[in-house]
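J.: When you get a sec, could you give me coordinates for this:
(chains A, B, C and D)
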Protein chains: 2
Amino acid sequence: MAKQNILSALMNDGPIIANEHRSLSAETAEKLRELILLEKLPPGMHIPERDLAEALGISRTPMREALRTLAIEGLVEFTATRRSRVANPSIDELRESMTVLATLEALGGELACAIATDREITAIADLNQKMIECTDKFSAINFFNTDMAFHSSIITSTHNQALIDTHRQYNAKLWRARFMSSKRKQGRAKTLQQHQDITNALVSRNASKMAQVMRSHIETAIDNLSIQQNET
Amino acid sequence: MAKQNILSALMNDGPIIANEHRSLSAETAEKLRELILLEKLPPGMHIPERDLAEALGISRTPMREALRTLAIEGLVEFTATRRSRVANPSIDELRESMTVLATLEALGGELACAIATDREITAIADLNQKMIECTDKFSAINFFNTDMAFHSSIITSTHNQALIDTHRQYNAKLWRARFMSSKRKQGRAKTLQQHQDITNALVSRNASKMAQVMRSHIETAIDNLSIQQNET
DNA sequence: TTTCTAATTTTGGTATACCATATCTCCCAA
DNA sequence: TTGGGAGATATGGTATACCAAAATTAGAAA
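T.: Here you go, the predicted model:
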């Protein structure tokens, strides 16, 4: 039965335990994010609260809270009768979210040009340099994580908490899709070039240039979505 | 004791009951939004789950879910020890959120110019006309609600669900602050002028003009925030 | 065999109990 | 009078029980 699938797939990671700083539900949300992004919980899969809670060794209460959190992030969705399943967004839905993300990142870039400290800009430029130097050595996941860190640190440097929070939401929602499309190594050269443009705009604190290059960078990612779709 | 304050303030509205379509927790979230925006639950006020649940005639479970929802919207915040209180954002925090909202609305305006149907644009223009005709008759709350409807319908006309959802979040978070600053009737003339500009850009489907006027409209609102602060 | 219906099982929503910890109170010692 | 600490209380986190509704299954009738 389905219950066995869930149990066997997840139990080997050991039980979830509450951290000193994070509650069980927060830990659970984090764990679920990981399971979804790694597709151990594949898109469209049903998530019965009881079974999954039992599989992770916790009760329904924190599991429910975690599911709500993930639902808001867009990683989990509910049917008309409130049954939860792993989100399986269409390409169009991903494109819609990416469009918003592009605007958020463009705003972040503009603000960063005005607000980021020299130290923060240096750190961002260092990340860019790291990606250039390690591009041949990096695995897909390493390359991608550094890519994400590059973007996140620009957003963080705006010190705009609302922007930081909303950006994190969109990142979580789009993580899997972006990872899929970044796997194709042919894209790395273009990614690196665009990151260089972004870094240059930031170092010279050229806000309008920044908004422009940032927007076209994300638009490339949007285009890659469709390409990826056609390949599969 | 504090419990009595909460009880006496809220019980007269009758108990919360689950709607045919919405769960108790969703109803509760809606009710809490109303209580917070009307300042029956004033900024900074403590919200002990038990007392408030009891005051609304429900158990802690749906109250907790509602509080989580409101926390994500930014209407409720948690202390270091997880106690919830009504959010009391500083002017700077409001300005940060407004900055993001401005970008979202500018994006919405641009997309609407390209995507909205003629019927949707007509409906938006009608809302604009209604505000012009009724500006002298409208109470502050009526004027403001129509104002919000005008903006929301532009966002809705983009048919971009991610944008619609995120915009709704920011609207909820900023509702009270925006209402405060829109109360000053002197602002109505400028609001109407800017709405007219927005409507014109939309009718002529001039996306770049739209982005520009929308952005300056929200920037006016940001400025009003500070003014409001100085007056009190 | 197929289809419709009734019984059964599954599932999410809500209430409640219990626990650990945070917070508050009050009293004693300096 | 003040500071600190022990005891009492309040509060949030989690587990569990129960219920109504949804989903599934089984069986009977055609």
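J.: How far away from the center of its chain is stretch A:68-79?
T.: 14 Å (CA atoms, centre = their mean, to the nearest Å).
J.: Now do the residue in chain A positioned nearest to DNA strand D, the pLDDT please.
T.: Closest to DNA strand D within chain A is residue A:24: 2.6 Å, counting by CB to the nearest atom of the strand. Using the backbone N, CA and C atoms, a C-beta is placed for each residue, glycine as well. pLDDT, residue A:24: 90.
J.: quick one, what contacts it?
T.: A:16-18, A:58, A:62 (CB atoms under 8 Å, 6 or more residues apart in numbering or on different chains).
J.: In helices, which of those fall?
T.: Those of these mapping onto helices are residue A:62, per DSSP state H.
J.: From residue A:169, how far out is residue A:72?
T.: As judged by CB to CB, to the nearest Å, residue A:72 and residue A:169 stand 7 Å apart.
J.: Now do the same for residue A:205: helix, strand or coil?
T.: coil (DSSP: H, G, I helix; E, B strand; the rest coil).
J.: Dihedrals phi and psi, it?
T.: Main-chain dihedrals, residue A:205, degrees, to the nearest 10: phi 50, psi 40.
J.: Nearest residue to it in space, ignoring adjacent ones along the chain?
T.: With CB to CB, 6 or more residues apart in numbering or on different chains as the criterion, residue A:205 has its nearest non-adjacent residue at 4.5 Å, and that residue is residue A:113.
J.: and that neighbour, that one's in a helix?
T.: Yes. With three-state DSSP as the criterion, residue A:113 is part of a helix.
J.: ok, residue A:72 and residue A:169, which is more surrounded?
T.: residue A:169 (22 against 18; other CB atoms under 10 Å in any protein chain shown).
J.: Give me the pLDDT for the more buried one.
T.: 90.
J.: Out of the contacts of residue A:24, which comes closest to DNA strand C?
T.: Closest to DNA strand C, out of all of the contacts of residue A:24 and judged by CB to the nearest atom of the strand, is residue A:18, at 9.7 Å.
J.: okay, that closest one: pLDDT?
T.: 68.
J.: for residue A:96, same thing?
T.: pLDDT, read off for residue A:96, is 96.
J.: How much space separates it from residue A:180?
T.: 17 Å.
J.: Give me the buried stretch members for stretch A:25-35, please.
T.: Within stretch A:25-35, the residues that count as buried by 16 or more other CB atoms under 10 Å in any protein chain shown are A:25-33, A:35.
J.: from these, which is closest to residue B:210?
T.: residue A:33 (36.5 Å; CB to CB).
J.: got the phi/psi numbers for the closest one?
T.: Torsion angles, degrees, to the nearest 10, at residue A:33: phi -50, psi -50.
J.: Same list, the buried residues of stretch A:25-35, but only the ones touching chain B.
T.: Among the buried residues of stretch A:25-35, no residue sits close to chain B (CB under 8 Å from any CB of the partner chain).
J.: of all these, which comes closest to chain B?
T.: residue A:25 (9.0 Å; CB to the nearest CB).
J.: who touches that closest one in this structure?
T.: A:61-63, A:65-66, A:69.
J.: Does residue A:77 lie in a helix or a strand, and which?
T.: strand A:76-78 (DSSP states H and E).
J.: Okay, residue A:72 and residue B:166: tell me how far apart.
T.: 11 Å.
J.: anything in contact with each of these two?
T.: Common neighbours of residue A:72 and residue B:166 (CB under 8 Å, 6+ apart) are residue A:169.
J.: Quickly note the distance from the closest residue to residue A:28 other than its chain neighbours to residue A:53.
T.: Leaving aside its chain neighbours, residue A:28 sits nearest to residue A:66 (3.9 Å; criterion: CB to CB, 6+ apart). For residue A:66, the distance to residue A:53 equals 9 Å [CB to CB].
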